[in-house]
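> I need the structure of the sequence given here:
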Amino acid sequence: QVQLVESGGGLVQPGGSLRLSCAASGFTLDNYAIGWFRQAPGKEREGVLCINSSDVTTYYIDSVKGRFTISRDNAKNTVYLQMNSLKPEDTAVYYCATDLLCSGLPHYWGQGTQVTVSS
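Reported below is the predicted structural model:
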């Protein structure tokens, strides 16, 4: 059974950092592109960034460039989202998903993890 489980969310002050994890089971992550998506209250879900099977990053939005990075640990079958210099507008539920060729077309989703940036 394909499953993605996110963790690492929480409450952080503006300017702070968080690292989200996306652990996979039922398949091997290193053959897949994995994207991070987010949905803020009252807004549509949006793509944030993606890592392909060659570890190339694609950013879907400019607002996180220079602040967010994505990486994978194939031995742990896990993808990470490192978020630095967090802003209140980054507040959202963050989801990881398989994302064919980093095309922004997610398929298998995790359940999401809440990130709240507030003082």
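
> centroid residue for the protein?
Nearest residue to the geometric centre of the chain (Cα atoms, centre = their mean): W36, 2.9 Å.

> thought it was touching C50?
Yes. With contacts counted by Cβ atoms under 8 Å, W36 reaches C50, the gap being 7.3 Å. Yep, even glycine has a C-beta here, placed from its N, CA and C like the rest.

> give me the common contacts of those two.
Common neighbours of W36 and C50, using Cβ atoms under 8 Å, 6 or more residues apart in numbering, are I70.

> how about residues contacting the helix or strand bottoming out on mean pLDDT in the chain?
Counting by mean pLDDT, DSSP states H and E, the weakest-scoring helix or strand in the chain turns out to be strand 106-109, with a mean of 93. Contact partners of strand 106-109, identified using Cβ under 8 Å, 6+ apart, comprise V2, L4, G35, F37, G47, Y95, C96, A97, T98, D99, L100.

> how many other residues sit next to the fourth one?
Per other Cβ atoms under 10 Å, the neighbour tally for F37 reads 23.

> is it true that it lies in a strand?
Yes. The assignment for F37 by DSSP: H, G, I helix; E, B strand; the rest coil puts it in a strand.
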